[in-house]
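1. Structure for the following, please:
(2 chains)
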Amino acid sequence: MKIAVCIKRVPDSETRVKVANDGRSLDEAGVKFILNPYDEFAVEEALRRKEAAGAGEVAVIAVGTAASQETIRTALAMGADRGVLLQADAVPADGLAVARALAAELQDGGYDLILCGKMAIDDQSYQVGPMLAERLGLPCVTAVTTLSLEGGKGVAEREIEGGVEVVEFPLPAVVTADKGLNEPRYPALKGIMAAKKKPLAVKPFDGGTVGVAVTGMGLPAERQEGRIVGEGAAAVPELVRLLREEAKVL
Amino acid sequence: MSHVLAVVEQRDGALRKVSHEVVTGARRLADALGGEVHALIVAAAPVTGAEALAGFGADRVVTATGDGFARYAPEGMAAIIAERARDGGYRAVVCAATATGKDLAPRVAAKLDVSLAADVTDVGMDGAAVVVTRPVYAGKANLRLSVTAAPAVVSLRPNVFTPVERPRAGTAETIAVSTAAGRVTVREVKAAAAGTLDVAEAPIVVSGGRGLKEPENFKLLEELAAAFGGQAAVGASRAVVDAGWRAHGDQVGQTGKTVSPNLYFAVGVSGAIQHLAGMRTSKVIVAINKDKDAPIFKVADYGIVGDLFEVVPRLTEEIRRVRG
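-> Now for the predicted structure:
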């Protein structure tokens, strides 16, 4: 099975966000970067598929700055076979530009399956996967929590409000991963050493016309610190009174 | 062209509540553009609730019907929406960033070869550009974007745009569309247990964390939620979802769901930054925790310091009493 996984380098979810001096981007000083957690599910899924098939290749591909090489090495340490970085000065805010570049890189690769995370935890755009599928003319299922593949067909489950959709699709396809799909492995020391010698190609990013421009970034208004109503169960009647009479939510 | 296409969502033949929000957002843009709002419903047959859209500012309501649309059909629906958007020469296309909308809107945008401003919390016009605000880093920051592509495809975060009544005369029409069978088909929809609300949609959320000590103890929170008579859902912190106590669909936080209910109870939740990111836009937050220094108290409107195993049953009793 030949599988491609699209990955992204993102700030850790515990990051305290500060706005940079340009007023429209993250101040990266002191920020720890990780492999996007949803992409981690995608990488893990690809590795399990390859292992189950007993043969194949897992390629990881990222759009990002030179520092994304480190993120690609993380995926290689998990077990992916090779990496491609489409190197940009910055990842554009336009998901379509990213999808165009990924599609150009992947279109002649003969992949049976292309996996992505359902979203990146930094810009939360939920769009590169399905846009990539549209560019490639492939079927796409997003935000899947279970996936089974057999005989050129796939069945996936995805959560919707108040239920679960069971979706069927033919391969090749683009599938985006949600939490719950699997439990990603930690790279072992042996994998980390092996990753250093795996091929990593760096190519220039070309996303075409960009249709959105970032004009500013701000922090949300701080919530006012509330008050401690009291201690223990004795405080419950006063809490309920405040919720009814002051907050008026009951 | 200065008209706006509002793509509204139906399920099982009924419009979803978020539709009113979508028409309201579309109306705001259309007013700034001096244009009309055309609502588009894609369904198997005319849906209930369509007539109400004129009340929120839809000048035209078009229902495109096709055999394949009894369930969500991503490929066929995206094709029809993109075709209508293109043929109508719309300035903007507005959708909802629901589970379905998050799947559908990028397909529509890609078919139109334009960008998507996803999951926005504010939308307006600045001169000739559609401008949006969207939360990033799980709500720890807001990004302001100017959408230069035309049409501007925008999806609205649910529960943010308060529906505004703006009655229009409103014409309604139904058109039959032929649809090729899509490659991606929904075989089955497994509904959650009757009466179970999704945390992302419930007006009240009762979330539990590690302070619950054992998965079985979540029944305390289920009882509290039940006391609100079908208005509340039970959520969970990442720690307890990772421990396998609760389904990941219940997780509130940066790698779970972002919720903005009217009332949020954080019970035995310490308030890690990644949890706060998922619930900080709740209208009123109540924290119950035995550690008076827990960070959750920094964002809570009201707090009780104490043993949740004593506080929660008492609270359930009190809620039952006042709702009597």
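2. hey, let's count contacts and neighbours off CA atoms from now on
-> Will do.
3. show me what contacts B:Pro215?
-> Taking Cα atoms under 8 Å, 6 or more residues apart in numbering or on different chains as the contact definition, B:Pro215 lies against B:245-246.
4. measure it to B:Phe56 for me?
-> 44 Å (Cα to Cα, to the nearest Å).
5. cool, and A:Glu225?
-> Distance from A:Glu225 to B:Phe56, by Cα to Cα: 36 Å.
6. Kindly report the same for A:Cys116.
-> Distance from A:Cys116 to B:Phe56, by Cα to Cα: 37 Å.
7. I'd like the next helix or strand past the helix or strand harbouring B:Ala233.
-> Element membership for B:Ala233, per DSSP states H and E: strand B:232-236. Helices and strands here follow DSSP H and E; after strand B:232-236, the next one along the chain is helix B:238-242.
8. now that following helix, how far from the chain's geometric center?
-> Using Cα atoms, centre = their mean, to the nearest Å, the mean C-alpha position of helix B:238-242 is found 23 Å from that of the whole chain.
9. next one: stretch A:172-189
-> Relative to its chain's centre, stretch A:172-189 lies at 10 Å (Cα atoms, centre = their mean).
10. ok, now stretch B:130-145?
-> On Cα atoms, centre = their mean, the centre of stretch B:130-145 falls 16 Å from the chain's centre.
11. got the residue ranges for the strands in chain A?
-> Secondary structure of chain A (DSSP state E): strands at A:2-7, A:9-11, A:33-35, A:57-64, A:82-87, A:113-117, A:140-150, A:153-160, A:163-170, A:173-177, A:200-204, A:212-218, A:227-231.
12. Flag every buried residue along the longest one.
-> Buried residues in strand A:140-150, defined by neighbour count with 16 or more other Cα atoms under 10 Å in any protein chain shown: A:140-147.
13. List the contacts of B:Val241.
-> B:247-248, B:250-251.
14. thinking again about what came up before, I'd like the strands of chain A laid out as JSON lines, including mean pLDDT and distance to B:Arg323.
-> Shown next, in JSON lines, are the strands of chain A (pLDDT from 0 to 100; distance: least, Cα to Cα, whole Å):
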{"stretch": "strand A:2-7", "mean pLDDT": "98", "distance to B:Arg323": "49"}
{"stretch": "strand A:9-11", "mean pLDDT": "97", "distance to B:Arg323": "45"}
{"stretch": "strand A:33-35", "mean pLDDT": "98", "distance to B:Arg323": "47"}
{"stretch": "strand A:57-64", "mean pLDDT": "98", "distance to B:Arg323": "54"}
{"stretch": "strand A:82-87", "mean pLDDT": "98", "distance to B:Arg323": "59"}
{"stretch": "strand A:113-117", "mean pLDDT": "98", "distance to B:Arg323": "43"}
{"stretch": "strand A:140-150", "mean pLDDT": "97", "distance to B:Arg323": "38"}
{"stretch": "strand A:153-160", "mean pLDDT": "95", "distance to B:Arg323": "30"}
{"stretch": "strand A:163-170", "mean pLDDT": "96", "distance to B:Arg323": "28"}
{"stretch": "strand A:173-177", "mean pLDDT": "98", "distance to B:Arg323": "42"}
{"stretch": "strand A:200-204", "mean pLDDT": "98", "distance to B:Arg323": "63"}
{"stretch": "strand A:212-218", "mean pLDDT": "97", "distance to B:Arg323": "41"}
{"stretch": "strand A:227-231", "mean pLDDT": "96", "distance to B:Arg323": "21"}
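15. Throw these into a markdown table and include distance to chain B, thanks.
-> Listed next are the strands of chain A as a markdown table, based on distance: least, Cα to the nearest Cα, whole Å:
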| stretch | distance to chain B |
| --- | --- |
| strand A:2-7 | 16 |
| strand A:9-11 | 8 |
| strand A:33-35 | 13 |
| strand A:57-64 | 17 |
| strand A:82-87 | 20 |
| strand A:113-117 | 11 |
| strand A:140-150 | 6 |
| strand A:153-160 | 5 |
| strand A:163-170 | 4 |
| strand A:173-177 | 10 |
| strand A:200-204 | 21 |
| strand A:212-218 | 4 |
| strand A:227-231 | 4 |
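16. Relative to A:Leu106, which of those strands is closest?
-> strand A:2-7 (7.9 Å; Cα to Cα).
17. just the angle between the closest one and strand A:57-64, please?
-> The directions of strand A:2-7 and strand A:57-64 differ by 20 degrees, with axes from the mean of the first three to the mean of the last three Cα atoms, to 10 degrees as the criterion.
18. orientation of strand A:2-7 relative to strand A:113-117 in degrees?
-> 20 degrees.
19. Give the other helices and strands that strand A:2-7 contacts.
-> helix A:37-53, strand A:57-64, strand A:113-117 (3 or more Cα pairs under 8 Å, 6 or more residues apart in numbering or on different chains; DSSP states H and E).
20. and B:Ala99, which of these is closest to it?
-> Closest among these, using Cα to Cα: strand A:113-117, at 14.9 Å.
21. where does chain B have its least confident helix or strand?
-> helix B:273-279 (a mean of 90; mean pLDDT, DSSP states H and E).
22. which secondary structure element contains B:Arg144?
-> Going by DSSP H and E, B:Arg144 is part of strand B:141-147.
23. which helices and strands sit right next to the next helix or strand after that strand?
-> Downstream of strand B:141-147, the next assigned helix or strand under DSSP H and E is strand B:152-156. When contacts are defined as 3+ Cα pairs under 8 Å, 6+ apart, strand B:152-156 packs onto strand B:92-96, helix B:99-111, strand B:116-120.
24. List the neighbouring strands of the first one plus their orientation.
-> This means strand B:92-96. strand B:4-8 (parallel), strand B:152-156 (parallel) (DSSP bridges).
25. same question for the first one, mean pLDDT?
-> When pLDDT is averaged over strand B:4-8, the result is 98.
26. Please save the CA atoms from that strand in PDB.
-> Extracted C-alpha coordinates of strand B:4-8, given in PDB (Å, rounded to 0.1, in the frame of the first residue of the first chain):
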ATOM      1  CA  VAL B   4     -25.400  36.700  -0.900                       C
ATOM      2  CA  LEU B   5     -26.100  32.900  -1.000                       C
ATOM      3  CA  ALA B   6     -27.000  31.400   2.400                       C
ATOM      4  CA  VAL B   7     -26.500  27.600   2.400                       C
ATOM      5  CA  VAL B   8     -28.800  26.300   5.100                       C
END
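27. Which residues does the helix or strand following that strand contact?
-> Sequence order places strand B:10-11 as the next helix or strand after strand B:4-8, per DSSP H and E. Residues from elsewhere that reach strand B:10-11 (Cα under 8 Å, 6+ apart): B:16, B:41-43, B:47, B:71.
28. rerun at 10 Å
-> Applying Cα atoms under 10 Å, 6 or more residues apart in numbering or on different chains, the contact partners of strand B:10-11 are B:16-19, B:41-43, B:47-50, B:69-72, B:100.
29. Among those residues, which one is most surrounded by other residues?
-> The most crowded member of the contacts of strand B:10-11, judged by other Cα atoms under 10 Å in any protein chain shown, is B:Val42 (29 neighbours).
30. So the helix or strand hosting that residue, near chain A or not?
-> Using DSSP H and E, B:Val42 maps to strand B:37-43. No: judged by Cα under 10 Å from any Cα of the partner chain, strand B:37-43 stays clear of chain A, getting no closer than 17.2 Å.
31. ok, the residue nearest to A:Lys196 when sequence neighbours are not counted to B:Gly235 distance?
-> Once flanking residues are discounted, A:Lys196 sits nearest to A:Arg73: 7.1 Å by Cα to Cα, 6 or more residues apart in numbering or on different chains. For A:Arg73, the distance to B:Gly235 equals 35 Å [Cα to Cα].
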